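**Student:** Here is my input, please return the structure:
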Amino acid sequence: MQAAEAYLDGITLDERRRLGVVYTPEHIAQFVLDLAEGTGCAIDDAPLLDPACGAGVFLCEIVRRAARRIGDGSGPLSGARRRELLRVASRHLYGIDTDEQACGLAIRMLRATVQELAPGPLPDDFMTVNIVRGDFLVGDELRRLPPTRSGGFRFIVGNPPYVATTRLDDRHKAQLRVLFSTAVGRVDLYTLFIERALQVIAPGGTVAFITPDKFLASRTSHRLRTFISAHGTLRTVARFRSHKVFPGAAVVPCVTVIDRGTGTSPIEMLTCTTNGERVEVIERAVLPRAGISTGDWQFKRPELLRIVERLVASFPSLDARARRISAGPATGRDEVYVRPRAELEEVEPELVHAALRGRDIGTFSITDPNLGILLPYELRDGVPELVRLSRYPGAQRYLERHRGILRLRHCVRVWEKAWFDLHDQPATDLAGTIKIVVPDVAESCRFAVDRGRYFPLHSAYYIVPQDPADADLLAAVMNATVAEFVLRLLAPVAKDGFSRFRRQFLAGVPIANAPPRQRRDILAAVERGRLDDANVMVTRLYGLTAVELAQIDGFLSSLQARPDA
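**Tutor:** Got it, this is the predicted structure:
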């Protein structure tokens, strides 16, 4: 696929992000097609569409499979076998892409693949009507393809674009929200490709896409998961343990296979890794279909989910013990608002607070990064209100130097906020509040208590306890085995196999109550640095059986080796 790589080399990184262009390695395409085919009809002998075909990687692989099926393995195809390969390609393989250059490349790659496998002259228009420029989501090009008019596509496969709607213009975004029932909240184009594919696939057909795995758990995608359950049968979900799957793309992907129709068989759950040349399935499991009967999916081993369900039913949640659980506010331009403290000396000191990033948070510890954040707010009854900038000449001079780029932020252009306001306004005196902080992405639980010194940035989450006196004990509980197990099991995987510590997962962590004596012993152990002893004492509070402890330890041990390193 050197031609495809050369094509991508000619597109800037910003343009790739705008278009959602990600080159699909051949071994990944092969894996997706293997899962799509399953035990049904041959994937190379039925109408198939790649709705974002790019350079034609998936379609070329289908040609190779057809050649292996048609031939006897003795060499290039000729005669009747060659004619059969040309028939399969011209009558069964179709692609759509919004990029005219990609369509041309896909045609050339398909013709070259056929020529390699079955040498000989090709008609001038061979495959030129099969690959069309158009928009799978909103265009009418699909209607002109022969399978659409004669029974529909048996397979729709591929790697749809990953483009958040925040990157789309308002007119296009409004059009998508009208056309797609799942286009709610902050959606991504790949989720709409799933809905569209299920709309147009033939009855009994199969949709197989490789996409980011965010839609499997995010609240925004609840409607999409419900749509899938209502319009198809989820057959397979193959999840990767790392983002190192696509060159240049920092997303953790999954392969989802959906059959159009009803089914009762268990869902196949695969955990995968790749060395850049092949995909290895490192774990197989099945999930009873009842486990995803609603829009809330958990593709985890049933015995582990049962432990979580028992704990959640037996103990109050962190949400019940907290006044607030949230990500640190975003500024929209950290390079302006967050600087080494010495660089903010001209700003009035009452507007500058010590800043804290996720990377500065350890288990029970905080490393001062010597950063300050300019917060253009005054407190009114404990609630931050935007300042009159003219009252703070130092801050005004500093911010005026950056006015041009601050005005370009989404919160100013679209939300019409003041040009110097933060993207997210703090809800309280966050810097002066006793709170528990944790990185938003981490490979293990790293909760620490901040006694009212730092303002957490957007790369950290913070928990304000109902009773500030509970902060140390809550941190001890959240750093212990049970919280680690629940969070690492349920939270989505980020880069390098790390977990995302989002509010929806933090809030549900079960919190065991500690009687006064155990509370004193746990806090004393933490204070003396005997963290293993503190962990043992906290874990005992949950009354886990020996079998449950072994299952939890086995799961956590499986996460120790960093995947795809």
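
**Student:** What distance do you get for the closest residue to P510 other than its chain neighbours to V509?
**Tutor:** Distances taken as Cβ to Cβ, 6 or more residues apart in numbering place F315 nearest to P510, at 3.8 Å, with adjacent residues excluded. Using the backbone N, CA and C atoms, a C-beta is placed for each residue, glycine as well. Separation of F315 from V509 (Cβ to Cβ, to the nearest Å) stands at 9 Å.

**Student:** same question, A448
**Tutor:** 16 Å.

**Student:** So for the biggest helix by length in the chain, mean pLDDT?
**Tutor:** Taking DSSP state H as the criterion, the chain has its longest helix at helix 100-117. Helix 100-117 carries an average pLDDT of 93.

**Student:** and that helix, what other elements does it pack with?
**Tutor:** Other elements packing on helix 100-117 under the criterion 3 or more Cβ pairs under 8 Å, 6 or more residues apart in numbering; DSSP states H and E are helix 2-9, helix 57-70, helix 79-92, strand 93-97, strand 131-133.

**Student:** Centre of the chain to the shortest one, how far?
**Tutor:** Here strand 131-133 is found 29 Å from its chain centre; the criterion is Cα atoms, centre = their mean, to the nearest Å.

**Student:** For it, which strands pair with it and how are they oriented?
**Tutor:** If you go by DSSP bridges, strand 131-133 pairs up with strand 93-97 (parallel).

**Student:** Just the buried residues of the partner strand, please?
**Tutor:** Judged by neighbour count (16 or more other Cβ atoms under 10 Å), strand 93-97 contains these buried residues: L93, Y94, G95, I96, D97.

**Student:** With stretch 29-47 instead?
**Tutor:** 29-33, 35-37, 43-47.

**Student:** From the residues you listed, pick the one nearest I131.
**Tutor:** P47 (14.4 Å; Cβ to Cβ).

**Student:** any idea which element the residue nearest to E280 when sequence neighbours are not counted lies in?
**Tutor:** Closest residue in space to E280, ignoring its immediate chain neighbours: T273 at 5.3 Å, by Cβ to Cβ, 6+ apart. Following DSSP states H and E, one finds T273 within strand 267-274.

**Student:** contact partners of the very next helix or strand once past that strand?
**Tutor:** Beyond strand 267-274 in the direction of the C-terminus, DSSP H and E gives the next helix or strand as strand 279-287. Residues from elsewhere that reach strand 279-287 (Cβ atoms under 8 Å, 6 or more residues apart in numbering): 27-28, 31, 238, 241, 266-274, 299, 301-302.

**Student:** Taking those residues, please make a PyMOL selection of just the buried ones.
**Tutor:** Buried subset of the contacts of strand 279-287, written as a PyMOL selection, criterion 16+ other Cβ under 10 Å:
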select buried, resi 28+31+238+241+267+268+269+270+271+272+273+274+299+301
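
**Student:** Show me the protein divided up by domain.
**Tutor:** Per the record, the chain has its domains at 2-299, 320-558, by automatic domain parsing.

**Student:** hang on, the earlier thing: may I see the buried residues of stretch 29-47 organised as CSV, with pLDDT and distance to A534 added?
**Tutor:** Below are those laid out as CSV (pLDDT from 0 to 100; distance: Cβ to Cβ, whole Å):
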residue, pLDDT, distance to A534
A29, 93, 49
Q30, 93, 49
F31, 93, 44
V32, 94, 46
L33, 95, 50
L35, 94, 44
A36, 93, 49
E37, 89, 52
I43, 90, 54
D44, 89, 59
D45, 87, 62
A46, 91, 60
P47, 94, 61
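
**Student:** Taking these together, which two end up most distant?
**Tutor:** The largest separation in those, counting by Cβ to Cβ, is between F31 and P47 at 21.7 Å.

**Student:** For R306, which of the domains of the chain is the nearest?
**Tutor:** domain 320-558 (9.0 Å).

**Student:** Regarding the closest one, how distant is the last residue from the first?
**Tutor:** The first and last residues of domain 320-558 sit 31 Å apart, counting by Cα to Cα, to the nearest Å.

**Student:** ok now it, how far from the chain's centre?
**Tutor:** Average the C-alpha atoms of domain 320-558, do the same for its chain, and the two points are 21 Å apart (Cα atoms, centre = their mean).

**Student:** Could I get the average pLDDT for it?
**Tutor:** pLDDT averaged over domain 320-558 gives 93.

**Student:** distance of V449 from L523?
**Tutor:** Counting by Cβ to Cβ, the gap from V449 to L523 is 11 Å.

**Student:** actually I210, sorry about that
**Tutor:** I210 sits at a distance of 48 Å from L523 (criterion: Cβ to Cβ).

**Student:** Between the two, tell me which one has more neighbours.
**Tutor:** When neighbours are counted by other Cβ atoms under 10 Å, I210 comes out ahead of the other of I210 and L523, with 26 against 17.

**Student:** So that one sits against C254, correct?
**Tutor:** Yes. Between I210 and C254 there is a contact at 7.2 Å, judged by Cβ atoms under 8 Å.

**Student:** ok so, going back, out of the helices and strands packed on helix 100-117, nearest to C411?
**Tutor:** helix 2-9 (32.6 Å).

**Student:** Phi and psi next, for F501.
**Tutor:** Note on F501: its backbone torsions stand at phi -90, psi 70 [degrees, to the nearest 10].

**Student:** That one: how many residues sit nearby?
**Tutor:** With other Cβ under 10 Å as criterion, F501 counts 24.

**Student:** try V437
**Tutor:** By the criterion of other Cβ under 10 Å, V437 has 22 neighbours.

**Student:** For the helix or strand that contains it, which helices and strands make contact with it?
**Tutor:** According to DSSP H and E, V437 maps onto strand 434-439. For strand 434-439, the elements it packs on are strand 361-362, strand 448-451, strand 454-456, strand 460-465, helix 471-478, judged by 3+ Cβ pairs under 8 Å, 6+ apart.

**Student:** Other residues contacting it?
**Tutor:** Strand 434-439 has contacts (Cβ under 8 Å, 6+ apart) with 356, 358-359, 361, 366, 445-452, 454, 456, 459-465, 468, 471, 474-475, 478, 501, 506.
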